[in-house]
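Chemist: Structure, please.
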Amino acid sequence: MAAYFTNFRKLKCSTEPSPHCTKMKVKILQWHAVASWTWDAQDETCGICRMAFDGCCPDCKFPGDDCPLIWGSCNHAFHLHCILKWVNSQTSTPLCPMCRREWQFKG
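Modeler: A predicted model of the protein is given here:
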């Protein structure tokens, strides 16, 4: 019978706070971070040509400095050649191909 009451008290402590319940206290003496984080990028591919950013656009033969990423004020990124073609093809005020806000180079 004593085991029943002990188990009942443990069950009750897990569902209802009471003065009979004991809480485990842990003091952290030292902390070593083992992970890092970065902001979640919206995409890993260009929204115009759909090629990976770590590669190059269809106009370039090799990835690198000749095919940099360009960000707009809306925080969307594109290959330089892709966004230049897009902006030059617009008949009126150029808009971001992703969110349709007025396109402005982030500077």
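Chemist: Check which helix or strand Asn88 maps to.
Modeler: helix 80-89 (DSSP states H and E).
Chemist: Point out the other helices and strands that that helix packs with.
Modeler: Other helices and strands packing on helix 80-89, by 3 or more Cβ pairs under 8 Å, 6 or more residues apart in numbering; DSSP states H and E, are strand 69-71. Yep, even glycine has a C-beta here, placed from its N, CA and C like the rest.
Chemist: ok so, going back, so how far is the helix holding Asn88 off the chain centroid?
Modeler: 26 Å (Cα atoms, centre = their mean, to the nearest Å).
Chemist: Quick one: residues in contact with it.
Modeler: 46, 48-49, 57, 59-60, 67-70, 72, 78, 94, 97, 103 (Cβ atoms under 8 Å, 6 or more residues apart in numbering).
Chemist: out of these, which are buried?
Modeler: 46, 48-49, 57, 67, 70, 72, 78, 94, 97, 103 (16 or more other Cβ atoms under 10 Å).
Chemist: any idea which of those is closest to Lys27?
Modeler: Nearest to Lys27 out of those is Gly72 (Cβ to Cβ; 48.9 Å).
Chemist: check contacts around the closest one.
Modeler: 78, 83, 96, 101, 103-106.
Chemist: again, 7 Å this time
Modeler: With contact set as Cβ atoms under 7 Å, 6 or more residues apart in numbering, Gly72 has these partners: 96, 103-106.
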